[in-house]
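[1] Mind folding the following:
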Amino acid sequence: MIEFESVTFAFDGVTVLDDVSLSIEDGEFVLLAGANGSGKTTLLRHCNGLLEPDSGTVRVDGTPVRDDLVGARSSVGMVFQHPRDQFVAAAVGADVAFGPENLGLPRAEIDRRVASALDAVEMTGRETDRIDGLSGGEQSRVAIAGALAMEPAHLVLDEPFTGLDEPARRSVLDRLEALSADGTGILLATHDLRDVLPLADRVIAMRDGRVAVDDPPAAALDRLGDLSVRIPRARRPPE
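    Residues are numbered from 1 along each chain as shown. Sure thing, here's the model as predicted:
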């Protein structure tokens, strides 16, 4: 479980998260919606200690993130909006192995995790491929594999469909659906719910650093009209 308790965070004197309290249960598929600047990315970066709250507490599996940073980053895998921002190696296999290597795991266990993660995103046999030669969709899948190699309970993704064409979007969606079905918790930030809504157990929407909506998908749709979130056309609230 990921828990936020009265979390406040400011950047250069501007409040970005304002007394946020919520919980993400194990195995849930949660959409984090909202316009650019609503606080989505900042919230996600608190999940594994990339940012630390000015006040309040973030816990992963009951332990404050600040007390066990390695544990939090093992339990919560992060996929950034632009995959290139998180790649640390030139080749696919080396990049996916980076996280497990930093845990000090035996070589056989690292190799097992890399093979399993690449299989999960349908990149088996691509270990020696150069990342800069991959398509956008393939790079997104490698980024997901890098997070999966840590064997996290939760996978946190920030606008993972940015810049992807339709086949690439569908490929990533299919991978997320399969991971969710296998029990991985998914927390996905997006301003566009059109493709991902059928996969969700819950929708959280933010506005000005606060939680404005926290409901099951059907109930949430009726409350998103003024939050600059793209929703399925057939379910748009009446104007």
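[2] Please list the residues outside the longest helix along the chain that contact it.
    Determined from DSSP state H, the single longest helix within the chain is helix 166-181. Contacting residues not belonging to helix 166-181 are listed as 27, 29, 120-122, 135-138, 140-141, 144, 148, 155, 157, 160-161, 164, 186, 188, 195-196, 199 [Cβ atoms under 8 Å, 6 or more residues apart in numbering]. C-beta: built from backbone N, CA, C; applies to glycine.
[3] Please list only the buried members of these.
    Among those, those classed as buried by 16 or more other Cβ atoms under 10 Å are 29, 120-121, 136-138, 140-141, 144, 148, 155, 157, 160-161, 164, 186, 188, 195-196, 199.
[4] In strands, which of those appear?
    Using DSSP state E, F29, L155, L157, I186, L188 are the members of the buried ones among the contacts of helix 166-181 that sit in strands.
[5] and the first one, what does it touch?
    Pointing back at F29 there. Going by Cβ under 8 Å, 6+ apart, F29 touches L176, S180, G185, I186, L188, L199, A200, D201, R202.
[6] again, only using 10 Å
    By Cβ atoms under 10 Å, 6 or more residues apart in numbering, the contact list for F29 reads 155, 176-177, 179-181, 184-188, 196, 198-202, 217.
[7] repeat for the second one
    Counting by Cβ under 10 Å, 6+ apart, L155 makes contact with 29, 76-79, 144, 147-148, 175-176, 179-180, 184-188.
[8] cool, and the third one?
    Taking Cβ under 10 Å, 6+ apart as the contact definition, L157 lies against 32, 44, 77-81, 140, 143-144, 147, 172, 176, 186-190, 196.
[9] ok, 6 Å please
    For L157, the contacting residues are V79, L188, by Cβ atoms under 6 Å, 6 or more residues apart in numbering.
[10] do the fourth one as well
    Contacts for I186 (Cβ under 6 Å, 6+ apart) come out as F29, L155, L176, S180.
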